[in-house]
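J.: Let's see this in three dimensions:
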Amino acid sequence: MHPKFAPYLFGAMLSGSMSFLVSGIATFRAVGPHAEFFSFWIESWLFAWAVAFPAVLVLAPIVREIVAKLVKQPEE
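T.: Here you go, the predicted model:
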């Protein structure tokens, strides 16, 4: 894969893993140990990822700028 796609791959992997984890927790809290828990979870995760991936792509540069302003840069 070409390096120019690295931010998109990073965004896909980060948003996918975080939305998978959070949707699993939220689904378990909502339905408990239900017989169809896994199918509920996957459905919730796919919807969450569809929202999280574009959000990460938009928000990551903004958050990087904010963090750069809040963190003291080392003197050269």
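J.: Surely W45 touches M18?
T.: No. Counting by C-beta atoms under 8 Å, W45 sits too far from M18 to count as a contact (10.4 Å). The way it works is simple: take the backbone N, C-alpha and C, and place the C-beta from them, glycine included.
J.: residues touching the residue nearest the centre of the chain, list them.
T.: Nearest residue to the geometric centre of the chain (C-alpha atoms, centre = their mean): S15, 2.1 Å. Contact analysis of S15 by C-beta atoms under 8 Å, 6 or more residues apart in numbering lists 49, 52-53, 55-56.
J.: of W45 and M18, who's got more company?
T.: Under the criterion of other C-beta atoms under 10 Å, the comparison of W45 against M18 puts W45 first, with 20 against 14.
J.: so what does the longest helix along the chain touch, helix or strand wise?
T.: In the chain, assigned by DSSP state H, the helix with the most residues is helix 37-70. Applying 3 or more C-beta pairs under 8 Å, 6 or more residues apart in numbering; DSSP states H and E, we find helix 37-70 packed against helix 6-31.
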